[in-house]
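Peer 1: Give me the fold of what follows.
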Amino acid sequence: MSFRTKPGSNVDRMVAANAAYAAAEGNAYSIIKTQQVSTWHEKQYHKTGGPTWIIGDKQNTEAASELKMANQSVHELRRARMREQIASENLKYEAELNARGLTVAKHRM
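Peer 2: Modelled structure (predicted):
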């Protein structure tokens, strides 16, 4: 019995066809994602009247200024809390010293 093709060649062809199909499917997925991104950029361009990278720069500068303002407000809040803590500790220490019969020299204006 002689074979014109080697045994299992149909399996080899099926594996090769499946690999080609998987590669084509991956390319189609990549094309679909690229199309979605380009559609989004086109919509943004029409909404804003300019390229989307310019909007990104504007958003970055706005975000930086918002971050700077947030840092300032946090700094002010921390300073206010520190003042309150120091004032309460001063009162506590003054009360302890008064209980021992001692006083703290205060500068009055």
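Peer 1: distance of Ser38 from Ala87?
Peer 2: Remark: distance between Ser38 and Ala87 (C-beta to C-beta, to the nearest Å) = 61 Å. Every residue, glycine included, has its C-beta placed from N, CA and C.
Peer 1: What of Met14?
Peer 2: Met14 sits 83 Å away from Ala87 when distances are taken as C-beta to C-beta.
Peer 1: Tell me which residue is most central in the protein.
Peer 2: Nearest to the mean C-alpha position of the chain, by C-alpha atoms, centre = their mean, lies Ala63 at 11.8 Å.
Peer 1: In terms of helices and strands, where is that one?
Peer 2: Element membership for Ala63 (DSSP states H and E) is helix 52-99.
Peer 1: helices or strands up against that helix?
Peer 2: Under the contact definition 3 or more C-beta pairs under 8 Å, 6 or more residues apart in numbering; DSSP states H and E, helix 52-99 sits against helix 9-48.
Peer 1: same for the helix it packs on, what does it pack against?
Peer 2: Applying 3+ C-beta pairs under 8 Å, 6+ apart, one finds that helix 9-48 makes contact with helix 52-99.
Peer 1: Tell me what angle the helix it packs on forms with helix 9-48.
Peer 2: Put simply, helix 52-99 runs at 70 degrees to helix 9-48, going by axes from the mean of the first three to the mean of the last three C-alpha atoms, to 10 degrees.
Peer 1: pLDDT weak spots in this structure?
Peer 2: Scanning the chain with the threshold set as pLDDT under 70 gives 1-3, 50-56, 109.
Peer 1: returning to that earlier point: quick one: the residue nearest to the centre of the chain and Arg79, what's the gap?
Peer 2: Using C-beta to C-beta, Ala63 is found at 25 Å from Arg79.
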